[in-house]
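**Student:** Kindly generate the corresponding structure for this input.
(4 chains)
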There are 2 protein chains.
Amino acid sequence: MYQPTVTEENYLKAIYHLSNTGTKSVNTSSIATSMETTAASVTDMLRKLSDKEWINYEKYKGVKITRKGEKVALGIIRKHRLWEVFLTNILEFEWEEVHQMAEELEHVSSEELIKRLDKFLGHPKFDPHGDPIPDQTGKMESHDKFNLSAGEPGEKYIITGVTDHSTLFLKHLRKYGLLPGVTVSIAEIMDYDKSMLVKVSKDKFHLSLEVSKNILIKKYVSSK
Amino acid sequence: MYQPTVTEENYLKAIYHLSNTGTKSVNTSSIATSMETTAASVTDMLRKLSDKEWINYEKYKGVKITRKGEKVALGIIRKHRLWEVFLTNILEFEWEEVHQMAEELEHVSSEELIKRLDKFLGHPKFDPHGDPIPDQTGKMESHDKFNLSAGEPGEKYIITGVTDHSTLFLKHLRKYGLLPGVTVSIAEIMDYDKSMLVKVSKDKFHLSLEVSKNILIKKYVSSK
DNA sequence: TTATAAGTTTAGACAAATCTAAAAATAGTA
DNA sequence: TACTATTTTTAGATTTGTCTAAACTTATAA
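**Tutor:** Modelled structure (predicted):
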């Protein structure tokens, strides 16, 4: 068993996310893009990760994360999301401010620290952006989320998360009060540009497709 | 203005501590010892730190930290000690467990994070080991501490800190309940080996010189 | 005051993570 | 199918922080 370096942890996290989010296969250039580095650097790192059995890698054939690698990635993601909860709930940061800090805090190594932090925070199941927090074994909730852009006029939904985590987008949503847990109902969808009119408590907003595509929702059901 | 690397931060912290704690000048080998590295590595680093104006360094002449360097060091020490308070007071770690975790947390860069952590903790003036926490400008309390080994029989003192921060020593002290804030009175000092009999609330303990030398105290004065 | 010891610096090398430029392999298309 | 474009890998360098071994300074002592 090897102890991953900070860089290796970041690569594994990126590969994990690309494996689970994107539709296309995880190739060298997609990793390079997400890590903001060159394809050559990625190739070097893939060999290292493969040597340590965190990924299966064959030259020119792309990458598949192993069970071991997934365990490392989920550990980092767990830390990241727990620290995000700490930063918003305890230190009262806004949800768009916490990502960068959590990127650093996630690499603090102590397992006992994260165990106690989890307990202190009351074992939260979701981070401030609605992303599920893996438990110590790597398991996490994943209620069937779908895009607000796929919602239907007249229906009521609860916001459960976002797919764009950029500061700019999160700030934009907060302006409308469109946060996880909030109830929205779709008043109208425009045929022309697929933009929609939504009702949030007493306010009505016009959301572009660009925006609605990046909001995750679940069906509204009264009582829980 | 440069942004120090983690390694540079650790060197500056070590140099700051050697400048303020030890009696002898800060030379290459003392830094090497405290950083657990070789003299050659230290020489390389001293040139870098000097280039960035965090120290004044002349070959073969030793090192003096600059105002700028001191500011960096005090920033790290502030973070370290605030995180130690967080780990003991909020996450309920024991005082001998927190040092290693704080060594990692101190390098998390956000100034705003540390500002909010400080506020959340109630602007503590001392860490769990009794060491003063610098404020944002680098100022800190420094009430005239002295060694328990220099105390006098019949006198009453309050423990204010320790000079040995090792886990082993801290665990040892906790066994006796010898923590910062606790009142001790010296019942007797043995001529032969300078060991002492001390009273802590209702218990009496025998402390070797080795131990009493590493406990910091101040005179007891009733009411504050 | 000269010899030796102790401490410090230089020289040269290495590992990790990165880069650019060139070569090789794969994919897309006429 | 064969040519071209895209993607990926290799080769060779660079930077940071480290090392060992040798050379050099300063301190100590006969």
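**Student:** Could I get the contacting residues of residue A:93?
**Tutor:** By Cβ atoms under 8 Å, 6 or more residues apart in numbering or on different chains, the contact set of residue A:93 is A:87, A:101, B:116. From N, CA and C alone the C-beta is placed, and that goes for glycine too.
**Student:** again, 10 Å this time
**Tutor:** Residue A:93 makes contact with A:84, A:86, A:87, A:101, A:128, B:110, B:112, B:113, B:116, according to Cβ atoms under 10 Å, 6 or more residues apart in numbering or on different chains.
**Student:** Which of these fall within helices?
**Tutor:** A:84, A:101, B:112, B:113, B:116 (DSSP state H).
**Student:** which residues does the residue nearest to the spatial centre of chain A contact?
**Tutor:** Residue closest to the mean C-alpha point of chain A, counted by Cα atoms, centre = their mean, is residue A:131 at 5.3 Å. Counting by Cβ under 10 Å, 6+ apart, residue A:131 makes contact with A:77, A:80, A:81, A:84, A:140, A:160, A:161, A:162, A:165, A:180, A:216.
**Student:** before we move on, what about residue A:84?
**Tutor:** By Cβ under 10 Å, 6+ apart, the neighbours of residue A:84 are A:93, A:95, A:97-99, A:101-102, A:105-106, A:124, A:126-129, A:131, A:133.
**Student:** any idea how far DNA strand C is from it?
**Tutor:** Shown here: residue A:84 relative to DNA strand C, a distance of 23 Å by Cβ to the nearest atom of the strand, to the nearest Å.
**Student:** ok, now residue A:214?
**Tutor:** Going from residue A:214 to DNA strand C by Cβ to the nearest atom of the strand gives 28 Å.
**Student:** now, which of the contacts of residue A:131 sits nearest residue A:44?
**Tutor:** The closest of the contacts of residue A:131 to residue A:44 turns out to be residue A:77 (Cβ to Cβ; 24.1 Å).
**Student:** from what I can see that closest one touches residue A:114, true?
**Tutor:** No: checked against Cβ atoms under 10 Å, the pair residue A:77 and residue A:114 is beyond contact range at 11.5 Å.
**Student:** Quickly find the element holding residue A:17.
**Tutor:** Following DSSP states H and E, one finds residue A:17 within helix A:6-21.
**Student:** list the helices and strands that helix packs on?
**Tutor:** Judged by 3 or more Cβ pairs under 10 Å, 6 or more residues apart in numbering or on different chains; DSSP states H and E, helix A:6-21 is in contact with helix A:28-35, helix A:39-51, strand A:55-57, strand A:63-65, helix A:67-85, helix A:98-105.
**Student:** now the angle from it to helix A:39-51?
**Tutor:** Interaxial angle, helix A:6-21 versus helix A:39-51 (axes from the mean of the first three to the mean of the last three Cα atoms, to 10 degrees): 90 degrees.
**Student:** mind exporting helix A:6-21 as PDB, just the C-alpha atoms?
**Tutor:** Below are the C-alpha coordinates for helix A:6-21, written out as PDB (Å, rounded to 0.1, in the frame of the first residue of the first chain):
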ATOM      1  CA  VAL A   6      -1.100  15.500  -3.100                       C
ATOM      2  CA  THR A   7      -0.700  15.500  -6.900                       C
ATOM      3  CA  GLU A   8      -1.600  11.800  -7.200                       C
ATOM      4  CA  GLU A   9      -4.700  12.500  -5.100                       C
ATOM      5  CA  ASN A  10      -5.700  15.300  -7.400                       C
ATOM      6  CA  TYR A  11      -5.300  13.100 -10.500                       C
ATOM      7  CA  LEU A  12      -7.300  10.300  -9.000                       C
ATOM      8  CA  LYS A  13     -10.000  12.700  -8.000                       C
ATOM      9  CA  ALA A  14     -10.100  14.100 -11.500                       C
ATOM     10  CA  ILE A  15     -10.200  10.600 -13.100                       C
ATOM     11  CA  TYR A  16     -12.900   9.500 -10.700                       C
ATOM     12  CA  HIS A  17     -15.100  12.500 -11.600                       C
ATOM     13  CA  LEU A  18     -14.500  12.100 -15.400                       C
ATOM     14  CA  SER A  19     -15.400   8.400 -15.100                       C
ATOM     15  CA  ASN A  20     -18.700   9.100 -13.300                       C
ATOM     16  CA  THR A  21     -19.700  12.400 -14.900                       C
END
